[in-house]
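# Need the 3D shape of this:
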Amino acid sequence: MRFSASLALTGLIITTLIWGFEFVLIHNAIEVIEANTFNALRFFVGAAVVMVFQKVRTGRWISTFNSALFKSASVLGILLYIGFFSQTEGMHYTTVTNAGFITGMNVVLVPVLGTLFFKDRINPLVWVGVGVATAGLMLMTGVFTLSLNKGDFMVFICAVAFAFHINLTGKVSGDHNITDLAIIQMLVVAVASAVTALFFEDWTLGLNVDVLAQPEIYGAILVAGALGTGFALIVQTWAQLEISPSRVGLVYSIEPVAAAVFGWLMLGETMGLMGLFGALLILSGMIISEIPHDSWILRWVKPRVH
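Model (predicted):
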C-alpha cells in the first residue's frame, strides 16, 4: 500500500474512533435537545470551524465557488441529511439493536450500490471482508432474525443514503476543492435540519443559553461539530482520493466496535463474549479487504490459465 493510501486509511480509522467516542456524548445530549435541533447545531459548528480554518489558510471563507461544486455538494449534503433524519426518526419505532445492525449494513450496500449504479469493479477479497464484517455486526448486535417494522424501514433508508454518499464522494472528490465540498455539504445539512426542527421540534432549546451552557451539551456539540463533522468530512473526502468506496464502508464498520469500547470505558457498559468475537470479526473483515488485488492469495484462488 502506498504511503498516501496508508495515511488515508489511518485518517479514516481516527475518524471512526471519533464517531465511536461522540456516540456516548450525543446519547446524553439528545436527552435534552431534540435530534434535528442537535444536528443543526453540530453541522453549523462544523461548517464554521472549517470555514475559519479555510480563511486562515487561504484568506477566503470558500476558496472557489461554481455551479458544479454547488451541485455536487448539495446532492451529498441532501444524502447526509436523509441519512441522519431517517435514522433519528426510525429510532422512535425500532430497537437500538435493530437500528445498529441495519445502519451497519452499509458495509454491504456500499459495494452493491457501487457495482449496480457506479460500475465499480470490486476486489473479490473485499466481498469476503464484507461477509466477515457482516457476521461480526450480527454477533455484536445480537441480531439473527429481524422482525421488521416502520422504524426498521426508515433506518434502512439511512443505510442506503450513507452508502450512496460514500460512493458518490468517491466519484466527485477529485473534481473539487475538498474543503469547499465539505463546507457546503455541512451547510446544506445544517439548514435542512434547522427547517425540520422548526416545524417538528421544540427548537427553542437549541437557543436557550442555560441549556447550551451545560457541559454535556456544549461538549457534545463542539466535539460532534468540530471533530465528528468538520474534521470527519474533510478526511473522508480526501481519503476517497486514495481508497475505494467499498473499503471506506468496511473501515466505517468498526464504528460500533469503537462505540462499544468507549461505552465500556465511560458508561460501564459490557459487550459480552459474543460481542467481543463480533468485534474481532469486524476488524478481520477490514484487514482482509486491505489484501492487495495481486496478492498470492488471489493468485491461488484464481490461478492463471496458461
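
# just checking, what packs against the helix or strand where Val108 lies?
Val108 is part of helix 106-117, with elements assigned from DSSP states H and E. In this structure, helix 106-117 packs against helix 124-141, helix 150-172, helix 245-252, with contacts taken as 3 or more C-beta pairs under 8 Å, 6 or more residues apart in numbering; DSSP states H and E. The way it works is simple: take the backbone N, C-alpha and C, and place the C-beta from them, glycine included.

# show me where pLDDT drops low in the stretch 1-150 of the chain?
Along the stretch 1-150 of the chain, segments meeting pLDDT under 70 span 1-3, 95-100, 141-148.

# Show me where it has its helices.
With DSSP state H, counting those that start in this stretch as the criterion, the stretch 1-150 of the chain has helices at 3-29, 35-58, 67-90, 96-104, 106-117, 124-141, 150-172.

# Does anything pack onto the last one? Which helices or strands?
The reference is to helix 150-172. Secondary-structure packing of helix 150-172 (3+ C-beta pairs under 8 Å, 6+ apart): helix 67-90, helix 96-104, helix 106-117, helix 232-239, helix 245-252.

# Mind doing that once more with 10 Å?
In terms of contacts (3 or more C-beta pairs under 10 Å, 6 or more residues apart in numbering; DSSP states H and E), helix 150-172 is packed against helix 67-90, helix 96-104, helix 106-117, helix 178-200, helix 232-239, helix 245-252.

# can you redo those helices as CSV with distance to Ile287 and mean neighbour count?
Output for those, formatted as CSV (distance: least, C-beta to C-beta, whole Å; neighbours: other C-beta atoms under 10 Å):
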stretch, distance to Ile287, mean neighbour count
helix 67-90, 27, 19
helix 96-104, 17, 21
helix 106-117, 14, 21
helix 178-200, 27, 21
helix 232-239, 17, 23
helix 245-252, 9, 26
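
# For Arg42, which of those is the nearest?
Of all those, it is helix 178-200 that lies closest to Arg42, at 8.2 Å by C-beta to C-beta.

# Alpha carbons of the closest one, as PDB, please.
Below are the C-alpha coordinates for helix 178-200, written out as PDB (Å, rounded to 0.1, in the frame of the first residue of the first chain):
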ATOM      1  CA  ILE A 178     -12.000  19.200  -0.700                       C
ATOM      2  CA  THR A 179     -12.600  21.800   1.900                       C
ATOM      3  CA  ASP A 180     -15.200  23.700  -0.100                       C
ATOM      4  CA  LEU A 181     -17.000  20.500  -0.800                       C
ATOM      5  CA  ALA A 182     -17.200  19.700   2.900                       C
ATOM      6  CA  ILE A 183     -18.300  23.200   3.900                       C
ATOM      7  CA  ILE A 184     -21.200  23.400   1.500                       C
ATOM      8  CA  GLN A 185     -22.300  19.900   2.500                       C
ATOM      9  CA  MET A 186     -22.400  20.800   6.100                       C
ATOM     10  CA  LEU A 187     -24.300  24.000   5.500                       C
ATOM     11  CA  VAL A 188     -26.900  22.100   3.500                       C
ATOM     12  CA  VAL A 189     -27.400  19.500   6.300                       C
ATOM     13  CA  ALA A 190     -27.500  22.300   8.900                       C
ATOM     14  CA  VAL A 191     -30.200  24.300   7.100                       C
ATOM     15  CA  ALA A 192     -32.300  21.200   6.300                       C
ATOM     16  CA  SER A 193     -32.100  20.000   9.900                       C
ATOM     17  CA  ALA A 194     -32.900  23.500  11.200                       C
ATOM     18  CA  VAL A 195     -36.000  23.700   9.000                       C
ATOM     19  CA  THR A 196     -37.100  20.200  10.100                       C
ATOM     20  CA  ALA A 197     -36.600  21.200  13.700                       C
ATOM     21  CA  LEU A 198     -38.600  24.400  13.200                       C
ATOM     22  CA  PHE A 199     -41.700  22.500  12.100                       C
ATOM     23  CA  PHE A 200     -41.400  19.300  14.200                       C
END
